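Colleague: Give the three-dimensional model of this entry:
(one chain, ligands or ions: 1)
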Amino acid sequence: MDAKTDANKATGSITVGNKNYDLPIYKGSIGPDVLDISKLYGQSGMFTYDPGFTSTASCESKITYIDGDEGVLLYRGYPIDQLAEHGDFLETCYLLLYGELPTAAQKADFDYRVTRHTMVHEQMSRFFQGFRRDAHPMAIMTGSIGALSAFYHDSTDISDPTQRMIASLRMIAKVPTLAAMAYKYSVGQPFVYPKNDLDYASNFLHMCFAVPAEEYKPNPVLARAMDRIFILHADHEQNASTSTVRLAGSSGANPFACIAAGCACLWGPAHGGANEAALNMLSEIGTVDRIPEFVRRAKDKSDSYRLMGFGHRVYKNYDPRAKIMQKTCHEVLAELGIKDDPLLDVAMELERIALHDEYFIEKKLYPNIDFYSGITLKAMGFPTTMFTVLFAVARTVGWIAQWKEMIEDPKQKIGRPRQLYTGATERDYVPTSRRK
Ligand code: SDX
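Modeller: Residues are numbered from 1 along each chain as shown. The predicted model follows:
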């Protein structure tokens, strides 16, 4: 990790009371400089304090760069719109994992290796039988991804680069299969095995929507849309679920357990669960004439209600993924001949109102990737409970790439934040008889 070479170093200082503390400043290739506070506690006896990490860089990374003010998202330096337009998801997986776009031979080899890991251990289907049929698919995903370490124990030694690579390929390949199984289980249909002659997205649609009773041919327009949706969701710097994966991985936990931890975090409605929540919100609004009532609630400080699919910790301008998601949404609705989707009417009017509303302009709240993804996925036939599952399928490669970068960093250590303690000071035990 080379941000600490002299060319990238300067010195800042902070003064507390009458004491001055010199702290190194590191420059990245692009983006904000960082102030290295790792020695501050040793020098000053003080911790820094940043709940939610709004001003804290948790690591050095070369994978994804976001400029929230300019609405820029780069995977290994390549703009997301170019990758979504010209590439496919497995090419993006290779890029995120290895840092460069693959040659034709490298791509063919990577596709071959991922494709031949798409089946899961046959006993996993019995593992599913333990779930209630009405279990939320994200509950099943969190459980079954974690269970992969019980079936693939031969790729859990994180000190072995070969095992790390096999575990990475296994998760990129098997998470879609588990996701399709979670969907099939929830609708009471038989599991559909992967087919090696289909590309990644077509294979996923086939495992979700094929039934033994008839031939299923994936619609190429929907498969392309699915593949593009995976690209858009693949990685996103140090978001909550990725930070969860890094923290779990810093203890040396096996990769399957780390990705399961990331999946659990993604489920939250403030994060990956927002696509399900956004569609439920659009359904609750129902018609365009009810929008003002919901916008008023979202602006009311005394009401915790928020517009799902709006706002972002980093993007204080349009989320570049939302633009591509909106275009993909229109393509899918056109392909399916859905002319007047009331949810789309509500979404577009809500977006128009929000983008012209003083409150949203002042708070810099723009539609994020979750705002249009729900309408698209619903049109493709997925129930809302599957939306975050699809996000997890795509983000698995991002979680793995970030985990791999951390594990391969010779200076990585267990993550162990401190705290500002405001609880009771030391006091003696009081026997029950004397408690009031
Ligand atoms: C994802 O981090 C990532 O990269 C995540 C992600 C990824 O790819 O990994 O991009 C995926 O999680 C996208 C975000 C999906 N979440 C939602 O759509 C849920 C709705 N959005 C909010 O909950 C919120 O915007 C967050 C959680 C996304 C961001 O919250 P922050 O950065 O902590 O900002 P905040 O909550 O402090 O909000 C700042 C202000 C507040 O008002 P004040 O207290 O300053 O008066 O904006 C208001 C908030 O009340 N606000 C909203 C709002 N989001 C923020 N008001 C109404 N509706 C909203 N959606």
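
Colleague: Show me what from the stretch 101-250 of the chain comes close to the ligand.
Modeller: Taking CB under 6 Å from any ligand atom, the part of the stretch 101-250 of the chain that reaches the ligand is made up of 236, 239. All C-beta spots, glycine's among them, are computed from the backbone N, C-alpha and C.

Colleague: show me where the stretch 1-150 of the chain has helices.
Modeller: Remark: helices assigned in the stretch 1-150 of the chain by DSSP state H, counting those that start in this stretch are 40-44, 80-86, 89-98, 104-115, 124-128, 137-151.

Colleague: Tabulate these (a markdown table), appending mean neighbour count.
Modeller: Compiled in a markdown table, these are given as follows (neighbours: other CB atoms under 10 Å):
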| stretch | mean neighbour count |
| --- | --- |
| helix 40-44 | 13 |
| helix 80-86 | 17 |
| helix 89-98 | 22 |
| helix 104-115 | 14 |
| helix 124-128 | 16 |
| helix 137-151 | 21 |
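
Colleague: closest one to residue 169 among those helices?
Modeller: Smallest distance to residue 169 across the helices of the stretch 1-150 of the chain (CB to CB): 5.6 Å, for helix 104-115.

Colleague: and the angle from the closest one to helix 89-98?
Modeller: 100 degrees (axes from the mean of the first three to the mean of the last three CA atoms, to 10 degrees).

Colleague: who touches helix 104-115?
Modeller: 90-91, 93-94, 102, 169, 172-173, 194, 196, 199-200, 203 (CB atoms under 8 Å, 6 or more residues apart in numbering).

Colleague: do stretch 125-133 as well
Modeller: Defining contact as CB under 8 Å, 6+ apart, one finds that stretch 125-133 is touched by 139-140, 143-144, 147, 181-182, 185-186, 188, 191.

Colleague: Mind doing that once more with 6 Å?
Modeller: Applying CB atoms under 6 Å, 6 or more residues apart in numbering, the contact partners of stretch 125-133 are 140, 147, 185, 191.

Colleague: Residue 44: which of those residues is nearest?
Modeller: Using CB to CB, residue 147 comes nearest to residue 44 of the contacts of stretch 125-133, at 45.7 Å.

Colleague: Distance check, that closest one against residue 407.
Modeller: For residue 147, the distance to residue 407 equals 22 Å [CB to CB, to the nearest Å].

Colleague: now residue 30
Modeller: Using CB to CB, we find residue 30 at a distance of 25 Å from residue 407.

Colleague: burial of whichever residue of the stretch 1-150 of the chain sits closest to the ligand, as a residue count?
Modeller: In the stretch 1-150 of the chain, no residue comes nearer to the ligand than residue 52, which is 6.0 Å away by CB to the nearest ligand atom. The local packing of residue 52 (other CB atoms under 10 Å) involves 8 other residues.

Colleague: do the one 3 residues further on as well
Modeller: Applying other CB under 10 Å, we find 9 other residues in the vicinity of residue 55.

Colleague: before we move on, what about residue 37?
Modeller: 19.

Colleague: Can you give me the neighbour number for residue 286?
Modeller: 12.

Colleague: Also residue 301?
Modeller: Residue 301 has 5 nearby residues by other CB under 10 Å.

Colleague: and residue 315, what element?
Modeller: In this structure, residue 315 is located outside every helix and strand according to DSSP states H and E.

Colleague: quick one: contacts for it?
Modeller: residue 68.

Colleague: Quick check: it vs residue 70, distance?
Modeller: Where residue 70 is concerned, residue 315 sits at a distance of 10 Å (CB to CB).

Colleague: do residue 254 as well
Modeller: From residue 254 over to residue 70 (counting by CB to CB), the distance is 38 Å.

Colleague: for residue 382, same thing?
Modeller: Residue 382 is 32 Å from residue 70, by CB to CB.

Colleague: So which of those two has more stuff around it?
Modeller: Neighbour count, other CB under 10 Å: between residue 382 and residue 70, residue 382 has more, with 20 against 12.

Colleague: Three-state assignment for that one, please.
Modeller: Using DSSP: H, G, I helix; E, B strand; the rest coil, the structure places residue 382 in coil.

Colleague: Report the spatially closest residue to it, excluding sequence-adjacent ones.
Modeller: Counting by CB to CB, 6 or more residues apart in numbering, residue 382 lies nearest to residue 390, which is 6.8 Å off, once chain neighbours are set aside.

Colleague: now the angle from the helix or strand that contains the one you found to helix 104-115?
Modeller: Following DSSP H and E, one finds residue 390 within helix 387-407. Interaxial angle, helix 387-407 versus helix 104-115 (the same axes, to 10 degrees): 120 degrees.

Colleague: Which strand residues bridge residue 20?
Modeller: residue 15 (DSSP bridges).

Colleague: number of nearby residues for it?
Modeller: 9.

Colleague: next one: residue 371
Modeller: 28.

Colleague: what sits against it?
Modeller: 278, 309, 322.

Colleague: how about the nearest residue to it, chain neighbours excluded?
Modeller: In space, and not counting its chain neighbours, residue 371 is closest to residue 309: 3.3 Å by CB to CB, 6+ apart.

Colleague: now the helices of the stretch 1-150 of the chain in JSON lines, with mean pLDDT?
Modeller: Listed next are the helices of the stretch 1-150 of the chain as JSON lines, based on pLDDT from 0 to 100:
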{"stretch": "helix 40-44", "mean pLDDT": "94"}
{"stretch": "helix 80-86", "mean pLDDT": "97"}
{"stretch": "helix 89-98", "mean pLDDT": "98"}
{"stretch": "helix 104-115", "mean pLDDT": "98"}
{"stretch": "helix 124-128", "mean pLDDT": "91"}
{"stretch": "helix 137-151", "mean pLDDT": "95"}
